[in-house]
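# here is my input, please return the structure:
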Amino acid sequence: MNLWMWLLIACVLAYAWKLVGYFVPARFLENPRMSRVAGTMTIGLLASLTVVNAVASGQSLAADARLGALAAAAIALALRAPFLVVVVAGAGTAALLRMLGWN
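Purely as a prediction, here's the structure:
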């Protein structure tokens, strides 16, 4: 199979999974535990996507300015900076590291 066929299969499966969600009874969704699980899964998914985008380059690992930008943003978040400051700190750190030659 070529890449487009796999992509179409993934799209169909994702849409089917979304449709299955409509058949879940409302009493399951009203459970407080389910809300906590859904919230935790979302945080875990976003965190894993962030890490993969920061350290992966194609099929290999890369330690470049993105890693420094992620560290700077994490520090800003730990200091409870506003979101815009977190973004600017990460972008500024990446720009500075790239200017210093850490590509």
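# let me know the outermost residue of this structure.
Arg27 (29.8 Å; Cα atoms, centre = their mean).
# on the pLDDT front, check that residue for me.
Model confidence at Arg27, given as pLDDT, is 84.
# mind exporting the C-alpha coordinates of stretch 63-72 to PDB?
The C-alpha trace of stretch 63-72 is given here as PDB (Å, rounded to 0.1, in the frame of the first residue of the first chain):
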ATOM      1  CA  ALA A  63      19.200  18.400  19.900                       C
ATOM      2  CA  ASP A  64      18.900  21.900  18.400                       C
ATOM      3  CA  ALA A  65      17.500  25.300  19.300                       C
ATOM      4  CA  ARG A  66      14.000  23.900  19.700                       C
ATOM      5  CA  LEU A  67      15.100  22.000  22.800                       C
ATOM      6  CA  GLY A  68      16.400  25.300  24.300                       C
ATOM      7  CA  ALA A  69      13.200  27.000  23.400                       C
ATOM      8  CA  LEU A  70      11.200  24.300  25.100                       C
ATOM      9  CA  ALA A  71      13.300  24.600  28.200                       C
ATOM     10  CA  ALA A  72      12.900  28.400  28.300                       C
END
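# pLDDT on that stretch, on average?
Mean predicted confidence for stretch 63-72 is 92.
# mind listing what's buried along that stretch?
65-70, 72 (16 or more other Cβ atoms under 10 Å). For the C-beta atoms, the positions are set from N, CA and C on the backbone; glycine is no exception.
# just stretch 72-85 next, same as before
72-73, 76.
# which other residues reach the lowest-mean-pLDDT helix or strand in the chain?
Counting by mean pLDDT, DSSP states H and E, the weakest-scoring helix or strand in the chain turns out to be helix 26-29, with a mean of 82. If you take Cβ atoms under 8 Å, 6 or more residues apart in numbering as the criterion, helix 26-29 is touched by Met34.
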